[in-house]
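Sequence first, predicted model second:
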Amino acid sequence: MSSSHSSHPEDEETAGLLSGSGPERKNARNKLLAIILGAITISLIVIGLTAIWADPNGFGPTSETFAREYYQYVNDLKYDYMTPLDEILVGSSRTRSSDSLITDSAAGATAFSCGIKTYNGAIGVDPNKSPCGTILEAAKAIGLITGLVVTSRITHATPASFSAHVVSREMEDVIASQQIGNYPLGKQVDLMFGGGKCFFLPNTSSESCRPDQRNLLQEAEEEGFKNLLTRNEFDALDTSSVKRN
């Protein structure tokens, strides 16, 4: 997707580097592939046949401690009570921003997805605005099926940081385009459940949030996705007919 599809003129150069054409795109692709190889090496250690990552936005040790102490108190439990999370927790990650004491969900999610610290607003890019290899890209590269299930917009900063590479979280039109496969590495997410339909509709629709006339729902179908827009469509889904790409 070219930078002209973005509603952020100030980011045209970087957007072009990430999703444009010509030598810049080739160089960006080669660099990203090299980064992905590093991500794959690390990810092989933690990825099994099935891996589920839960990312409650804004949740941290303080939140868990409060929940544990409250539940322990109201239920008169022993001092050494452990929550279900306590029993499966194997480590933690410091997800602070590289440019602020207060981290936003873009920098925090990128810290999770890429294993690096970056600036607030960054989606899958490092402080120099270069793409970083994500855990989903590493999983896809070794043949796993990948998915994102969210209660927010699918183009929101948290899921976007696992499925796109843009310099600003505000570029949700570009994020949507990358999520369906418009990126040098192609489609990296096989299943996506979430909101944010407006970023997939052409601006000729009254429900659209896009600055252009691209119909990403139609493009997604061409990439092998099946669009489910209602609960009835979801309930009627025949999973036996779903093909793995």
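Received it, and whenever you're ready, just let me know what you need.

ok, residue 219 to residue 73 distance?
53 Å (Cβ to Cβ, to the nearest Å). (Each C-beta comes from the backbone N, C-alpha and C, glycine too.)

higher neighbour count, these two?
Each of residue 219 and residue 73 had its neighbours counted (other Cβ atoms under 10 Å), and the higher figure belongs to residue 219 (17 against 10).

I'd like to know how far the nearest residue to the more buried one once chain neighbours are set aside sits from residue 225.
In this structure, residue 219 finds its nearest non-sequential neighbour in residue 180, 5.9 Å apart by Cβ to Cβ, 6 or more residues apart in numbering. Distance of residue 180 to residue 225, given as Cβ to Cβ: 7 Å.

Number of residues surrounding the residue nearest to residue 219?
Residues within reach of residue 180, counting by other Cβ under 10 Å, total 23.

SS state for the spatially most central residue of the chain?
With distances taken as Cα atoms, centre = their mean, residue 162 lies nearest the centre of the chain, 2.6 Å away. State at residue 162, reduced to three classes by DSSP: H, G, I helix; E, B strand; the rest coil: helix.

Next, the contact list for it, please.
Residues in contact with residue 162 (Cβ atoms under 8 Å, 6 or more residues apart in numbering) are 109, 112, 113, 124, 134, 135, 136, 148, 189.

got it, and residue 155?
So, once contact is read as Cβ under 8 Å, 6+ apart, residue 155 ends up touching 172, 175, 176, 179, 196, 199.

Name the nearest of the residues you listed relative to residue 93.
Nearest to residue 93 out of the contacts of residue 155 is residue 175 (Cβ to Cβ; 22.8 Å).

now for the helix or strand encompassing that closest one, which elements pack on it?
Assessed by DSSP states H and E, residue 175 sits inside helix 172-179. With contacts taken as 3 or more Cβ pairs under 8 Å, 6 or more residues apart in numbering; DSSP states H and E, helix 172-179 sits against helix 12-19, helix 157-163.

pLDDT averaged over the shortest one, what's the number?
It stands for helix 157-163. Averaged over helix 157-163, pLDDT sits at 96.

got it, and the first one?
Model confidence over helix 12-19, given as mean pLDDT, is 45.

so residue 199 sits right up against residue 179, yeah?
No: Residue 199 lies out of contact with residue 179 (Cβ atoms under 8 Å); the separation is 9.3 Å.

And those two? Which one has more around it.
For the pair residue 199 and residue 179, the greater number of neighbours falls to residue 179 (28 against 21), based on other Cβ under 10 Å.

residue contacts, the nearest residue to the more buried one once chain neighbours are set aside?
Distance criterion Cβ to Cβ, 6+ apart; nearest residue to residue 179, sequence neighbours excluded, is residue 163 at 4.9 Å. The contact partners of residue 163, by Cβ under 8 Å, 6+ apart, come to 124, 134, 136, 148, 175, 178, 179, 188, 189, 192.

continuing past the strand or helix carrying residue 85, what's the next helix or strand?
Counting by DSSP H and E, the element that carries residue 85 is helix 84-88. Counting by DSSP H and E, the element after helix 84-88 in chain order, helix or strand, is helix 105-114.

Rounded mean pLDDT for that following helix, please.
pLDDT averaged over helix 105-114 gives 95.

same thing with stretch 121-128?
On average, stretch 121-128 scores 97.

what's in contact with it?
Against stretch 121-128 from outside (Cβ under 8 Å, 6+ apart): 18, 98-99, 104, 106-107, 110, 113-114, 116-119, 129, 131-132, 134, 157, 160-171, 175.
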